[in-house]
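> Quick one, structure for this:
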Amino acid sequence: MLQNLSQEVHRRTRADTTLPWIGAIGLAIAVGIAYFVAAHLSLALLAKPDGVAVFWPAAGVSSGVLIALGREARLPVTSGVMVATVIANLMSDRNVWSATAFAFCNAGEALLTAWLIERYFGSSFGLDRLRHILGLLAAAVVATAASAIGGTVAFELFHSPTAPIWTIWQHWFASDAVGIITVAPLVIGLAKALREPPPRNEIIEGVAALAASAVINAIIVLLPAEPWETVLPAALMFPILLWLAARCQPVFAAAAAFVASLTIVWTMTFGIGHFADPAIPIGDRILSAQAAILGITLKAYVLAALFAEKRHHEAVLEESEARLQEALTVGAVMAFEWDPCNGLSQRSENAAQILGFDPHQTFTAAQFFARIHPDDRACFKALIHKVSVDSPCYSVTFRFIRPDGREVWLEETSKAEFDTTGRVVRLKGLTRDITRRKQAEERQDLLIAELDHRVKNVLARVAVVAMHTRQGSGTMDEFVRALGGRIQSMAAAHSLLSQSRWYGVGLTDLIRHQLAPYTTDTNTKISGPDVMLAAAETQAVAMVIHELVTNAAKHGALSSPDGRVSVSWENRSGADATAILTIAWREFGGPPIAAPVPSGYGSSLIRDLIPHELGGTVDLIFPPDGACCKIAIPLKRR
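Presented below is the predicted three-dimensional model:
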């Protein structure tokens, strides 16, 4: 099994290393074929007497592929260019030495062009930036100028031309530069379109425009040969180029420029139209053709880049505005601008959500002022009237009544702009919905007031308990123990209320907490339905149960190992449909109780606290077999 796994890994490793080579070989073959076809057609039109090709679009094929695919394509593109150059030159009756020299010049030209583009623009080069177009033009000039030097030297060494060296260099430079400028952008644009296909409607519109450009090119070819026909292609192509640049990606404008350039080269090569007029010297025809090609291509690229930049800036602006609107909406903030001279106002899109008006209807400044709360309107207007050049800003908090009747709190901060006479011409600012903050502040104020009230009540109760505990205590130690137990009982009730955020405490939890110091598995029994006590009910019941527990622990059932305590309750409806909570406390098995039982502060608190604070009743008796207490409390409706 391990051997099979090893073989499988080896096969996959070989496949992973083989696939890039297959792709590289395929790229080299494709570039070679394209370069050969373009070069072979170009060699059909040679300048006399130097024998240099007038147009060399093959340079654009190699440079465009290298720029589009990056440095990984250098080896296959270079190989394809050199092989195609040698074959094309040998088929044109040139010797192997010159063909080899030309191959090195052409390959070096493409490599230098691509290197300059990568060096100054990186891998993100495209046709959607004007500086990229100008950079491609500069790179083509530098690379073809250098290549032309090598090509001129090769011509001088292997062909002995009669034309001056300057003329040979000029023809090589012009033909290769025009080839790069004409073809390379099309290759770059097609590569990008394959990676990021344009929308279907844009493709249809672009193809239609290209078809229209082909028709116009045919018309230009069929026109009679006149001197004014030199500038006619650029003039007639302008509307099509403007259409493509404004509506489509730059690759379509590059394609239209390529079609026009190909038409001009084709008419010269096959003797059709103005550029093939034998009455015009060949040098003049070549210059006019190159000028027409450069005019059309540069116009197409510049228009396409400018419109692409415009679309990019619009997209960035829309995205930025969308993010701003989202941030304003999340923060419940709206931006506004108000012209007090004519009453016109503008607000951000989320203003309708904050102010509650219909976003499809106009909401004027007068309508805004009319919905400010009457108690805040005068103060708001007074702040605006006080704005001056020395004090251009104001900040105000006010209530606003929405069209749906809901009242919201708004906080507005604004700054005024003035004309030369000091008159306010514009107010700009932000308005924030602070309703939640105001509601939180109101809740906080209520909680503080409630806390203050409860603290006062607790302190007053502690003072009363301390006073009565001292009166019923024989010694200081007894006083400290009794007072500590009662305060601890109050603290336990307060802790339960804090845990529930003062919404209420379950009666079961309350009784278990009070019995906890003395309870075992056998000496207590607690039973009853789930009942929630309010804060006042919790505190009063806790103190009463504490006194019952303390009395049972000192004198009753909880002081004896055999003693038991039973606490049960029920919740029933009274005569007026008020809920009545009945609690029954019963002790068993404790020391016998001898009558009469002396009355102290504890028994007084049990009998008097519930009726005094909750309006209930308490029946506390001491039969011989154990204390018995029945408590009835009217519960508040919640």
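> so where is the stretch 301-450 of the chain shaky, pLDDT-wise?
Along the stretch 301-450 of the chain, the model assigns pLDDT under 70 to residues 450.
> For it, which segments count as strands?
For the stretch 301-450 of the chain, strands defined by DSSP state E, counting those that start in this stretch occupy the ranges 333-338, 345-347, 393-401, 407-418, 424-433.
> who's in contact with the shortest one?
Judged by Cβ atoms under 8 Å, 6 or more residues apart in numbering, the contacts made with strand 345-347 from elsewhere in the structure are 334-339, 363-365, 368. Yep, even glycine has a C-beta here, placed from its N, CA and C like the rest.
> Quick one: distance of it to the chain centre.
26 Å (Cα atoms, centre = their mean, to the nearest Å).
> Sheet-wise, list the partners of it with their directions.
Strand pairing for strand 345-347, determined by DSSP bridges: strand 333-338 (antiparallel).
> report the angle between the axes of the strand it pairs with and strand 407-418?
Strand 333-338 and strand 407-418 meet at an angle of 40 degrees, taking axes from the mean of the first three to the mean of the last three Cα atoms, to 10 degrees as the criterion.
> that older thread, buried only: go through the contacts of strand 345-347 for me.
The neighbour-count test (16 or more other Cβ atoms under 10 Å) marks 334-336, 338, 363, 365, 368 as buried among the contacts of strand 345-347.
> Can you add distance to residue 327 and give the residues you listed back as JSON lines?
Shown next, in JSON lines, are the buried ones among the contacts of strand 345-347 (distance: Cβ to Cβ, whole Å):
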{"residue": "334", "distance to residue 327": "11"}
{"residue": "335", "distance to residue 327": "11"}
{"residue": "336", "distance to residue 327": "16"}
{"residue": "338", "distance to residue 327": "22"}
{"residue": "363", "distance to residue 327": "22"}
{"residue": "365", "distance to residue 327": "25"}
{"residue": "368", "distance to residue 327": "23"}
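> Which residue ranges of the stretch 201-350 of the chain form helices?
232-247, 250-269, 282-330 (DSSP state H, counting those that start in this stretch).
> Relative to residue 67, which of those helices is closest?
If you check each of these against residue 67 by Cβ to Cβ, helix 250-269 wins as the nearest, at 12.8 Å.
> Which strands and helices lie in contact with that closest one?
Counting contacts by 3 or more Cβ pairs under 8 Å, 6 or more residues apart in numbering; DSSP states H and E, helix 250-269 is packed against helix 165-195, helix 200-222, helix 232-247, helix 282-330.
> winner for burial among those helices?
By mean neighbour count, with neighbours taken as mean count of other Cβ atoms under 10 Å, helix 165-195 ranks first of the helices and strands packed on helix 250-269 at a mean of 22.
> Show me the one of the helices of the stretch 201-350 of the chain that comes nearest residue 354.
Nearest to residue 354 among those is helix 282-330; the distance by Cβ to Cβ comes to 8.8 Å.
> how many degrees apart are the closest one and helix 232-247 in direction?
Computed by the same axes, to 10 degrees, the angle between helix 282-330 and helix 232-247 is 10 degrees.
> could you check the angle helix 165-195 makes with helix 282-330?
30 degrees.
> Could you list every helix and strand that helix 282-330 packs against?
helix 130-158, helix 165-195, helix 232-247, helix 250-269.
> between the helices and strands packed on helix 250-269, which one is nearest to residue 135?
The nearest among those, by Cβ to Cβ, is helix 282-330 at 11.0 Å.
> Taking strand 424-433 as reference, get the angle to the closest one.
Relative orientation of helix 282-330 versus strand 424-433 (the same axes, to 10 degrees): 60 degrees.
> re the thing from before, could you dump the helices and strands packed on helix 282-330 into TSV and include mean pLDDT?
Output for these, formatted as TSV (pLDDT from 0 to 100):
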stretch	mean pLDDT
helix 130-158	90
helix 165-195	88
helix 232-247	79
helix 250-269	83
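> Would you reformat those helices as TSV and include distance to residue 436?
Below are these laid out as TSV (distance: least, Cβ to Cβ, whole Å):
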stretch	distance to residue 436
helix 130-158	49
helix 165-195	48
helix 232-247	48
helix 250-269	50
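> These: which one's closest to residue 548?
Judging the helices and strands packed on helix 282-330 by Cβ to Cβ, what sits closest to residue 548 is helix 165-195, at 84.6 Å.
> report the angle between the axes of that closest one and helix 130-158?
Taking the same axes, to 10 degrees, one finds that helix 165-195 is oriented at 140 degrees with respect to helix 130-158.
> how near is the most centrally placed residue in the chain to residue 216?
Centroid-nearest residue in the chain: residue 323, 7.0 Å away (criterion: Cα atoms, centre = their mean). Counting by Cβ to Cβ, to the nearest Å, the gap from residue 323 to residue 216 is 44 Å.
> tell me the most buried of the strands of the stretch 301-450 of the chain?
Buried most deeply of these, by mean count of other Cβ under 10 Å, is strand 333-338, with a mean of 19.
> who touches that one?
Under the contact criterion Cβ under 8 Å, 6+ apart, strand 333-338 has outside partners 328, 344-348, 350-351, 354-355, 365, 414, 426-433.
> picking that back up, ok, the contacts of strand 345-347 vs residue 556, which is closest?
Once Cβ to Cβ is applied, the member of the contacts of strand 345-347 that ends up nearest residue 556 is residue 334, at 70.1 Å.
> now the residue nearest to that closest one when sequence neighbours are not counted: how far from residue 418?
Leaving aside its sequence neighbours, residue 334 sits nearest to residue 351 (Cβ to Cβ, 6 or more residues apart in numbering; 4.2 Å). Relative to residue 418, residue 351 is positioned 25 Å away (Cβ to Cβ).
> again with residue 304
Relative to residue 418, and taking Cβ to Cβ, residue 304 is found at 45 Å.
> returning to what we had before: distance of the residue nearest to the centre of the chain relative to residue 329?
From residue 323 to residue 329 the distance is 11 Å (Cβ to Cβ).
> And residue 175, by the same measure?
60 Å.
> ditto for residue 585
60 Å.
> Over to residue 299?
Counting by Cβ to Cβ - residue 299 and residue 329 are separated by 45 Å.
> do the same with residue 66
48 Å.
> Over to residue 431?
For residue 431, the distance to residue 329 - Cβ to Cβ - is 13 Å.
> same deal with residue 262?
53 Å.
> Ok, residue 210 next?
Per Cβ to Cβ, residue 210 is found 44 Å from residue 329.
> can you check residue 30 too?
In terms of Cβ to Cβ, residue 30 sits 52 Å off from residue 329.
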